[in-house]
Structures are given as structure tokens and as C-alpha cells.
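S.K.: have a look at this fold, sequence not included:
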């Protein structure tokens, strides 16, 4: 296998998020963890190439200028993909157990969510979130799936407050476990607009919360079928349907990355 | 919270898979693990009720006749839901790391897969699978999501062999990471038929494998969008789209369980 891989494949396969500004000739110093990954896991040496992005300046081909024990210097060479804005929906979710939240973040990143809004609800078990840990999952997923942006994660906010501060043009796909029209029909009939998707906590929404959500003119309550979906499964399924009807799963054709 | 729950909620909330035949008055002995769950986690006592199913005889309301230290006897009282056949597609997947395979099984169960066919491929890293462990994940997911059947898991079989022994009427949705028409368009235009979904291993299919799959008259290569999806994400997204166009996510309306 190793003998078969060519330089182009290597560049594509290793893709790192970096904090630094990117431009032709820009130098980027990597921290110990990323240096370890390149040197010891990937067996990279000075002169080897990889793809880097920072969420703002597009994707660049970079080469390793210097590899030391705990640090590594990259030089950005050529912009390989221009920056694009994330076009997917905002995801409102009630934080669940850490492993399941990590999963929700990873999968939602892969499926093109533009931003995360954790919300606290009456039945939420989780009262505090670790934003830095959530962000690390989002970065890792973005590196892996080829996205150019890392979806930001907003601070945990009470659901009612998020609904009160709503940007009026944004529509809300409310995944309502008590039922509604099929999600796909509702999305297929929807006018173009910015969107958000809302999934509840493990215990579901309380009846007053459900009424509050449904009373908003921007909300659209839909069903995700007859089985009881876990919170993260509902988020992934709804996002898949959104991307297939209103987003970039409509386009088909070739993968732009591989 | 405890004070608010009523008997109906408790029956619905606790739902166990059992091996025994179910009929009115049938006695069911639970093993130590399930007894521990009922006695110590759920704090159930003799006389308390729960839902049980065995994948063949529908769902039953059962009451606890006797609770001992390491065993517990249930009595089936009333059939609450008649048995239904699983109507979802067969899922062909190349086994990945255990935690990710567990995830794929859990989520595919929640989304109504009818059966699993693990396939070995040229780029598969996993050469042997633990069927019993896979089955435990499927049972747990079926208990949680309210399904009446536990999707069987077939033995690991080489991809070419599975394609050779194909039941001719079954169509195959091939999630091709090199691109194709949008999955939703392809599904929306599809004739009624039994279906299977095929997702590749982490390293993708080899070019000869891809040609082999695409050469089959029953296969339909589709795209799942511009990002590189992990194997389990592709399975979940494809299954969501299948259920929304051809399966029971089309029906909308109320959840039949909660």
C-alpha cells in the first residue's frame, strides 16, 4: 500500500486545521500534538506535503519546512480551494451525554451543519457544557470530511430565550416526537430561507415547551417516522433530509474533495 | 419526577426483549442482568408492569410475578401490538472499528433496517466480526426505539459472493464516494421493490470492486454530497433518505409508540 500512494494522495489524505492566517509563503507553527501526529503516526518528514485550512482563508497545500521534536513549521504554498461560506442549517439541540453529544457534533459536521446552538430545556439532564471539547470534535470532523469551515458552537442558552431572540426570516424544522407531517414533504414544499433544525433532549420536550415552539410563526413541526429516535439520530436524519431537499446533497455528481 | 409518572408511562418506558414464546399467561424467566436492571436500576417490584417482545409474537404487557436476587418471573398479560414484518432495506456494510460498527448497528436499527449483511472488501481492515456483540447492540436498539423485530445479522461474506448470490428482484442503492446522481432523486424515481443499501469501508472500494458493483443490473450508484462521509454516517444518511422516500418516514403523523 505505502508504495502505491503518490504525492497527490498524501496531500489529500492528511488535512489539518490550523489557527494561523494563510497566504502564499505564510509560515505556520504546529503544536506538540499535531507534530506528533505528522512525525510519528503519519511518518512525515521535512519536504512532505499536506492540506491545511483555518476556516477563513480557503484550503492550502503546505510543505513541512522543519520538523523538530515538539514543533513543526509548515509553509503554505498554493491555495487549492477558495473559502466558501457554510450553507447548511443551524442545529438547535439539548446537550445529552458526552459520548452522544460528541457523536451528534461529528455527524452534523459531516452533514454540513453551519452552526450549533445548544439549548437548555425542562427535561435536559445536562446543565453545563464543555465548549472547548465540543469545538475539538467539530475541528476533527471538519478535518476528516473535507469542510472548509469549522461550525461555531454557541453558548448553552435556555430554549425560550433562543426562540425570543429569533431572526425572523429563519425557519425552524421542529422534529416533534408527538408527530406531524413527514419531514421530507414539509421540506420539499418549503420556500427558500435560512433554516434551523431543532431536536429535543432524551426525555423529549415538555407539553408547554412544545406549545411554545409550535406557536412561533417560523416553526414547522414534522415527524421522523414511527420509531423513537435518540436525540442524535433525529438530528442526523433531519439534517440528511434537509441537505437532500434544500442543501448540497441535491447536487449529486462527484465529490469535490476526493 | 417519580411522583408524576403513572403506570402507563412506566409500561411504555421499560421495554425488554426476551427469548421465550409469548402468549396470554406465558411465564418468562429473566436472566441475572435483566433482573438487576429491573430491580436495581428501575426499582421495580412484584406486580409492576413493563412491555416485552421477542421479535415473533408481537409486544405484550407483562407483570412481574416474582422477583428474586438473580432471577425474575414475568407473566404476559395482554398483547399490546401485533407482530409486523420489518419493511426496511437490507444494509450491506464493511465492518469498521468496533465502536463505529456498534454505532452503525444502533442507528440503522433505529432507522428501520430489516437485516444486516457484513461484507469483506479489499480495503476492509476488519477480517473477523463478533456476531454476538453485534446482535446485543441490535437488541438494545430495538428495545429502545420500539421496534417489534430485531434485525438479523448475517455472517461476514466476501462482497463478490454476496453480489453473485443476489436475489434478482432486490435493488441495490450503492453509496458511491466517487459520485453519481443525488440519492434522493434516484430513490424518488425508483419502482417499488425490495431494497438493499451498500456503504464501503473507511478506505472506500477499490476500482475493480466499484466496477463490479456498478456492472450489476440491480445496482444504482448515487452520491451523498460533497463531503467525505464516514462509513457509518453514509449508512445513516442513506437509510434516512430511503425511509423518507420509500419507507415509513413517508407516513408522518403520530409516533405509534409514545
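M.R.: Yep, that arrived. No experiment lies behind these values; they were computed from the predicted model shown.
S.K.: who in the stretch 51-200 of chain A is up against chain B?
M.R.: On the criterion CB under 8 Å from any CB of the partner chain, chain B has as its neighbours in the stretch 51-200 of chain A the residues A:103, A:106-107, A:110-112, A:144-147, A:177-185. Placement of C-beta: from N, CA and C, glycine included.
S.K.: just the buried ones from those residues, in ChimeraX syntax?
M.R.: Restricted to buried positions by 16 or more other CB atoms under 10 Å in any protein chain shown, the ChimeraX selection for those reads:
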select /A:103,106,107,110,111,112,144,145,146,147,177,179,180,182,183,184,185
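S.K.: so which of the residues of the stretch 51-200 of chain A next to chain B sit within helices?
M.R.: In helices, defined here by DSSP state H, the members of these are A:103, A:106-107, A:110, A:144-145, A:183-185.
S.K.: which ones are touching the residue in the stretch 1-150 of chain A that chain B sits nearest to?
M.R.: Ranked by CB to the nearest CB, the top residue of the stretch 1-150 of chain A for proximity to chain B is residue A:145, at 4.3 Å. Residue A:145 makes contact with A:109-110, B:227-230, according to CB atoms under 8 Å, 6 or more residues apart in numbering or on different chains.
S.K.: how close does it sit to residue B:181?
M.R.: Distance, residue A:145 to residue B:181, using CB to CB, to the nearest Å: 21 Å.
S.K.: residue A:221 too?
M.R.: Distance of residue A:221 to residue B:181, computed by CB to CB: 31 Å.
S.K.: cool, and residue A:66?
M.R.: 47 Å.
S.K.: and if you look at residue A:69?
M.R.: From residue A:69 across to residue B:181, the span is 50 Å (CB to CB).
S.K.: ok, now residue A:176?
M.R.: 31 Å.
S.K.: equivalent analysis for residue A:182, please.
M.R.: Look at residue A:182 and residue B:181: by CB to CB, they are 22 Å apart.
S.K.: equivalent analysis for residue A:45, please.
M.R.: 42 Å.
S.K.: residue A:169 now?
M.R.: Separation of residue A:169 from residue B:181 (CB to CB) stands at 31 Å.
S.K.: most centrally placed residue in chain A?
M.R.: Central residue of chain A (CA atoms, centre = their mean): residue A:109, 2.2 Å from the mean position.
S.K.: doesn't residue A:142 make contact with it?
M.R.: Yes: between residue A:109 and residue A:142 a contact is recorded at 5.7 Å, counting by CB atoms under 8 Å.
S.K.: of all the ones in helices among the residues of the stretch 51-200 of chain A next to chain B, which two lie farthest apart?
M.R.: Maximum pairwise distance in these, criterion CB to CB, is 32.6 Å, between A:144 and A:185.
S.K.: okay, now the nearest residue to residue A:104 once chain neighbours are set aside: neighbour count?
M.R.: Excluding the flanking residues, the one nearest residue A:104 by CB to CB, 6 or more residues apart in numbering or on different chains is residue A:232, at 3.9 Å. Residues lying near residue A:232 (other CB atoms under 10 Å in any protein chain shown) number 28.
S.K.: repeat that for residue A:40.
M.R.: Residue A:40 - counted by other CB under 10 Å - has 9 other residues nearby.
S.K.: wasn't it part of a strand?
M.R.: No: counting by DSSP: H, G, I helix; E, B strand; the rest coil, residue A:40 is not part of a strand but helix.
S.K.: and it, what does it touch?
M.R.: Residue A:40 touches nothing, counting by CB under 8 Å, 6+ apart.
S.K.: try residue A:238
M.R.: By CB under 8 Å, 6+ apart, the residues touching residue A:238 are A:173, A:175, A:183, A:197, A:199, A:222, A:224.
S.K.: try it again at 7 Å.
M.R.: Residues near residue A:238 by CB atoms under 7 Å, 6 or more residues apart in numbering or on different chains: A:173, A:175, A:183, A:197, A:199, A:224.
S.K.: pLDDT value on it, please?
M.R.: pLDDT recorded at residue A:238 is 98.
S.K.: and after the host helix or strand of residue A:99, which helix or strand comes next?
M.R.: Using DSSP states H and E, residue A:99 sits within helix A:98-110. Counting by DSSP H and E, the next helix or strand C-terminal to helix A:98-110 is strand A:115-120.
S.K.: now do that next one against helix A:98-110, angle only.
M.R.: 150 degrees (axes from the mean of the first three to the mean of the last three CA atoms, to 10 degrees).
S.K.: would you list every one of the strands in chain A?
M.R.: According to DSSP state E, chain A carries its strands in the segments A:15-17, A:27-30, A:49-53, A:59-67, A:72-81, A:90-93, A:115-120, A:157-158, A:171-175, A:195-199, A:219-222.
S.K.: JSON lines please, covering those strands and showing distance to residue A:249.
M.R.: Listed next are these as JSON lines, based on distance: least, CB to CB, whole Å:
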{"stretch": "strand A:15-17", "distance to residue A:249": "21"}
{"stretch": "strand A:27-30", "distance to residue A:249": "33"}
{"stretch": "strand A:49-53", "distance to residue A:249": "22"}
{"stretch": "strand A:59-67", "distance to residue A:249": "21"}
{"stretch": "strand A:72-81", "distance to residue A:249": "19"}
{"stretch": "strand A:90-93", "distance to residue A:249": "16"}
{"stretch": "strand A:115-120", "distance to residue A:249": "19"}
{"stretch": "strand A:157-158", "distance to residue A:249": "29"}
{"stretch": "strand A:171-175", "distance to residue A:249": "15"}
{"stretch": "strand A:195-199", "distance to residue A:249": "14"}
{"stretch": "strand A:219-222", "distance to residue A:249": "18"}
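S.K.: can you add mean pLDDT and give these back as TSV?
M.R.: Shown next, in TSV, are the strands of chain A (pLDDT from 0 to 100):
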stretch	mean pLDDT
strand A:15-17	96
strand A:27-30	96
strand A:49-53	96
strand A:59-67	97
strand A:72-81	97
strand A:90-93	98
strand A:115-120	97
strand A:157-158	96
strand A:171-175	97
strand A:195-199	98
strand A:219-222	96
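S.K.: nearest to residue B:137, out of those strands?
M.R.: With CB to CB, the closest approach to residue B:137 among the strands of chain A belongs to strand A:195-199: 21.9 Å.
S.K.: neighbouring strands for the closest one, and are they parallel or not?
M.R.: Next to strand A:195-199 in the sheet, as set by DSSP bridges, lie strand A:90-93 (parallel), strand A:171-175 (parallel).
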